[in-house]
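Engineer: Okay, sequence plus prediction incoming.
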Amino acid sequence: MMRAWQIWFGLFGVAAFVLAFGIYVWTSPKPMDEQRPGFNTIDFSDIEGWKSDDHAAAFAAFRRSCLKIVKRADVRNSSSSKKPSKYKVLAAVCRKALALDSGLSDREARRFFETHFTPHHYDDDAQEGLVTGYYEPELPGSRTPSKRFNVPVYRVPDDLVQLYPDRDRAKRNHQMTAGRKTADGVVPYHDRKEIEQGALEGQGLEFVYLEDPAEAFYMHIQGSARIALEEGGHMRIGFAAKNGYSYTSIGKLMIERGTLPKSKMSMKGIRAWMAANPKEARELMWENRSYIFFRELPKKQAATGPVGAQGVALTPRRSLAVDTSIHVLGTPVWVEAPKFKSPGIQGFSHLMIAQDAGSAIKGRERGDIFWGSGDAAGKIAGRTKYPARFTVLLPKKNLPES
């Protein structure tokens, strides 16, 4: 006999299949409206530090996004829908960018942004923004299990049902965004504890093995990894899907329970505690029921670096993860975090490109700075949590002729 929750979730799953496209149309990211209340046009001269930034680096990152933006706009325009593509104006700018040489000088790149975009601020009384950091871990692993390498990384299971687009995962972090297809309908998917205790064994979904459950857990949070294989060579893996549960911050739980004081809360502090308390750490990690499935990047794509939600290689200090229910991927965003402090870096003011998303990145001035790959990048990412202000660059509606 089916339980009441199974019946309800099964009906919900059926409805989700029928309405998925409609849901996407109504809830997918919309370009920011220059006329929206509290969103004000400013001049580039009002942006402190604008002229001193490396605009050539920002342009190179933007150009990578343009390949995806133009392709997506072309697909939308060639469809039977009579509605204009929401990427039309941004795609027009991108076509101009792609027509230029990829190696623009800093001066030429700055002129490009100033010619084709208008900067916008939120009202001064808006809620203070926040930037954090993320990186690509570099970990040892093996394609075959062994006593040392016994923590499996899974591909997307065939019975996983995606109820909403991945771009909405920040907006819908409080909801069940995926489920498990069964003969009785769609039910909640296995959570982290169930999967780590063997719920997916025997399905042949394992494609690489790691040696440390804690390292695997943090890889799930970062969403990618470069793995040095015991057999020789490397592989890059990236986010493919999640099991549908909301992300739960174990750092927040540790503060609430007094496990670690807020003053000592950092990635380094959490990892030190986990290493000293492996049994308690495993149980704590299970409280984050969200679980990530990965894919191995093809060699050609893997050679360019880790890939973000937009499907382009990420650029250290130039790629920004944003709330994609607010910001369109590919949008240039000037990020100011004057209180940022790290060895060799005092303050952060750079033009970045929205190229990634994350379940914990929610809000109009909320971002995650990609710092690069390896331990050095991880140390900076672990220390990055500072107030920030965003200046969003929106395409001019009346573009100048080339």
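Structural biologist: Nice, thanks for sending it over.
Engineer: residue closest to the middle of this structure?
Structural biologist: Nearest to the geometric centre of the chain sits A357, at 2.7 Å (Cα atoms, centre = their mean).
Engineer: If we go by neighbour counts, what in stretch 271-285 is buried?
Structural biologist: Using 16 or more other Cβ atoms under 10 Å as the test for burial, stretch 271-285 gives 271, 273-274, 281, 284-285. C-beta coordinates here come from the backbone N, C-alpha and C atoms, glycine included.
Engineer: Let me have the residues you listed in TSV, adding pLDDT, secondary structure and distance to Y135 as columns.
Structural biologist: What follows is those, written out as TSV (pLDDT from 0 to 100; DSSP: H, G, I helix; E, B strand; the rest coil; distance: Cβ to Cβ, whole Å):
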residue	pLDDT	secondary structure	distance to Y135
R271	90	helix	14
W273	93	helix	20
M274	94	helix	18
A281	95	helix	21
L284	97	helix	22
M285	97	helix	19
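Engineer: With distance to G372 as added columns, please give those in CSV.
Structural biologist: Output for those, formatted as CSV (distance: Cβ to Cβ, whole Å):
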residue, distance to G372
R271, 19
W273, 26
M274, 24
A281, 27
L284, 28
M285, 25
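Engineer: and the gap between the residue nearest to the centre of the chain and E128?
Structural biologist: 21 Å (Cβ to Cβ, to the nearest Å).
Engineer: Just the CA coordinates for stretch 356-364, please, in CSV.
Structural biologist: Included here for stretch 356-364 are C-alpha records, laid out as CSV according to Å, rounded to 0.1, in the frame of the first residue of the first chain:
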residue,chain,number,x,y,z
ASP,A,356,28.3,30.1,-12.5
ALA,A,357,25.6,29.4,-10.0
GLY,A,358,25.2,27.7,-6.6
SER,A,359,22.5,26.6,-4.2
ALA,A,360,23.9,28.9,-1.4
ILE,A,361,24.2,32.0,-3.7
LYS,A,362,20.9,33.8,-3.2
GLY,A,363,20.3,37.5,-3.5
ARG,A,364,20.9,40.4,-5.9
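Engineer: can you pull the buried residues of it?
Structural biologist: Counting neighbours by 16+ other Cβ under 10 Å, the buried set in stretch 356-364 is 356-364.
Engineer: Which of these sits closest to L200?
Structural biologist: Distance from L200 was checked for each of the buried residues of stretch 356-364 by Cβ to Cβ. The minimum falls on S359, at 20.9 Å.
Engineer: Excluding chain neighbours, give the residue nearest to that closest one in space.
Structural biologist: Distance criterion Cβ to Cβ, 6 or more residues apart in numbering; nearest residue to S359, sequence neighbours excluded, is Y247 at 4.1 Å.
Engineer: try K339
Structural biologist: Ranked by Cβ to Cβ, 6+ apart and with sequence neighbours excluded, the top spatial neighbour of K339 is Y386, at 5.0 Å.
Engineer: Name the strands paired with whichever strand or helix holds that neighbour and say parallel or antiparallel.
Structural biologist: Taking DSSP states H and E as the criterion, Y386 maps to strand 385-395. Applying DSSP bridges, strand 385-395 is found paired with strand 117-122 (antiparallel), strand 129-136 (antiparallel), strand 332-342 (antiparallel).
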